[in-house]
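Asks: curious how this folds, go ahead:
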Amino acid sequence: MSQELDLKLVVRVEPGSLGPDGLDHVESFCMVAEKVFSKVEFANLTFKIVPRYDKKLPELELLMNRAPLPQQRAVLVLDKLNLTFELIEEEVMERISKLIDRFLGHKY
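Replies: Sure, this is the predicted structure:
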């Protein structure tokens, strides 16, 4: 992969994942999560964390040089990085889940 490629993973967070009043908090959560993810080094991907208001949009979407990649092309690009959407989804959603718990003040 060329160094010039800007690979960004858009992660869409459903308001309901923040509880019954999640709609009131999802935008501020996404800002916090994006700051946290800006420090995450994961396969040269950068992250954009946004609310998922439209359920027709995927939870995860790969952009290359700011343009959305069709699913088949995204799979090929990830394959060159020895990654899969499943692996990325597992890692990212685990981090998002932990951030939600911290954001909501859950203590275990």
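
Asks: is it correct that F47 is in contact with V11?
Replies: Yes. Assessed by CB atoms under 8 Å, F47 is found in contact with V11 at 6.1 Å. Any C-beta I mention is one placed from the backbone N, CA and C, and that applies to glycine too.

Asks: following the helix or strand bottoming out on mean pLDDT in the chain, which helix or strand comes up?
Replies: Scoring the helices and strands of the chain by mean pLDDT, DSSP states H and E places helix 71-80 at the bottom, with a mean of 91. Next along the chain after helix 71-80, taking DSSP states H and E as the criterion, comes helix 85-103.

Asks: re the thing from before, so what sits against both of F47 and V11?
Replies: Residues touching both F47 and V11 (CB atoms under 8 Å, 6 or more residues apart in numbering): F37, V92.

Asks: give me the more crowded residue out of these two.
Replies: V11 (24 against 17; other CB atoms under 10 Å).

Asks: pretty sure that one is in a helix, no?
Replies: No. Counting by DSSP: H, G, I helix; E, B strand; the rest coil, V11 falls outside a helix, being strand.

Asks: ok, the closest residue to it other than its chain neighbours - contacts?
Replies: Closest residue in space to V11, ignoring its immediate chain neighbours: I49 at 5.0 Å, by CB to CB, 6 or more residues apart in numbering. Residues in contact with I49 (CB under 8 Å, 6+ apart) are V11, V13, C30, M31, A33, E34, F37, I96.

Asks: if you rank these by neighbours, which is first?
Replies: V11 (24 neighbours).

Asks: thanks a lot, see you next time.
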